[in-house]
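Student: Here is the input, now give the coordinates:
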Amino acid sequence: LVSVARGVIQDFPLECTPETKVALMSHMGMVHKMATDVCDEYHRSMRRQVYQTPKSFLSFLATYKSMYTSKLSLLKEKEGRVRLGLDKLIQGAQDVEAMKKVLAKEQVKLEEATVATNKMLKGLEVSSAEAKQEGDQVAGIKAKCEEDATRISAEKASCANDLAKAQPFVDEANAAIDSIKPAHIGEIKKLSNPSDIIKLVFDCVLILFRLPLARVKTTKVTMAKTEIPWFEPSFKQALQMMS
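Tutor: Predicted coordinates for the structure are as follows:
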């Protein structure tokens, strides 16, 4: 039975370690043997015959492969939605921070120009006589001030326009977050030992929200069916966050 299971499952892609895969194939053989033993016991007790044939075992293996493929596909689809939401959120936050920096610089320019303009106007109001004598000069200065004010208003409008362009990205990121339902989080919380990619995604979430991570310990994680040296994920801390 184990050999048959090995022949069917050996080349079937599973998201697990080789040791776990070997144990799974042995378990499948033991399950069919236990079913056969129960059928024999039922016949001895009830004098009724129930058969567990090799075809039954092959059907059991085929059903396992079909169900595993279906559930893995559904899990990866949900993982993709979570990752997309996180990517949009991070990109939106970066764009907003960049716009804030630009607006802060333009605000400084506006305040400096306002102070300079007010200082000029106060100097022009010292003496009406001097203002009359230097009317032409004042007119030139006033024109320059109005030009500066117009330029500053244009720069301010440009900054507002840039911020408006960034707003759809923020809205898209919020929409992506809203698509993550409590049921999705609940399903992940029910996983006693999710795949390494899910654990690493939640490490990114902890970093994004500036929450503490676990102590750094060297370990190995499986990425694209390949074990790579890494540090131990902080999935326990992520579960506390989701609670």
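Student: contacting residues around the nearest residue to L213 once chain neighbours are set aside?
Tutor: Among residues not flanking L213 along the chain, S234 sits closest, at 4.3 Å (Cβ to Cβ, 6 or more residues apart in numbering). Quick note: C-beta positions are derived from backbone N, CA and C, even for glycine. Contact partners of S234, counting by Cβ atoms under 8 Å, 6 or more residues apart in numbering, are 199, 202-203, 206, 213-214.
Student: repeat that with 7 Å
Tutor: For S234, the residues meeting the contact criterion (Cβ atoms under 7 Å, 6 or more residues apart in numbering) are 203, 206, 213-214.
Student: Would you mind naming the helix or strand containing the most centrally placed residue in the chain?
Tutor: With distances taken as Cα atoms, centre = their mean, L86 lies nearest the centre of the chain, 2.6 Å away. Assigned by DSSP states H and E, L86 belongs to helix 54-124.
Student: Would you format the contacts of S234 as CSV with distance to S243 included?
Tutor: Below are those laid out as CSV (distance: Cβ to Cβ, whole Å):
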residue, distance to S243
D203, 17
L206, 14
L213, 17
A214, 16
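Student: which among those residues end up buried?
Tutor: Taking 16 or more other Cβ atoms under 10 Å as the criterion, what is buried in those is 203, 206.
Student: In helices, which of the contacts of S234 appear?
Tutor: Of the positions in these, 203, 206 sit in helices, assigned by DSSP state H.
Student: For E147, state which of the contacts of S234 is nearest.
Tutor: E147 lies nearest to L206 out of the contacts of S234, by Cβ to Cβ, at 51.7 Å.
Student: Test my guess that the closest one contacts L200.
Tutor: No. Checked against Cβ atoms under 7 Å, the pair L206 and L200 is beyond contact range at 10.7 Å.
Student: picking up where we left off before, tell me the one of the contacts of S234 nearest V221?
Tutor: D203 (10.5 Å).
Student: quick one: low-confidence ranges for this structure?
Tutor: By pLDDT under 70, the weakly predicted segments of the chain are 51, 127-129, 131, 173-174, 176-177.
Student: repeat that for 50
Tutor: Applying pLDDT under 50 to the chain flags no residue at all.
Student: Wait, a strand at P13?
Tutor: No. P13 is assigned coil when assessed by DSSP: H, G, I helix; E, B strand; the rest coil, not a strand.
Student: Who's the closest spatial neighbour of it, skipping the chain neighbours?
Tutor: Sequence neighbours aside, K225 is the residue nearest to P13 in space, at 7.3 Å (criterion: Cβ to Cβ, 6+ apart).
Student: Show me the beta-bridge partners of M223.
Tutor: Per DSSP bridges, the residues bridged to M223 are T226.
Student: what about it, neighbour count?
Tutor: The number of residues packed near M223 is 13, by other Cβ atoms under 10 Å.
Student: M120 now?
Tutor: Residues lying near M120 (other Cβ under 10 Å) number 15.
Student: How about G186?
Tutor: Neighbours around G186, by other Cβ under 10 Å: 10.
Student: quick one: the helix or strand hosting A23 to helix 54-124, angle?
Tutor: Here A23 sits within helix 18-46, counting by DSSP H and E. Computed with axes from the mean of the first three to the mean of the last three Cα atoms, to 10 degrees, the direction of helix 18-46 lies at 140 degrees from that of helix 54-124.
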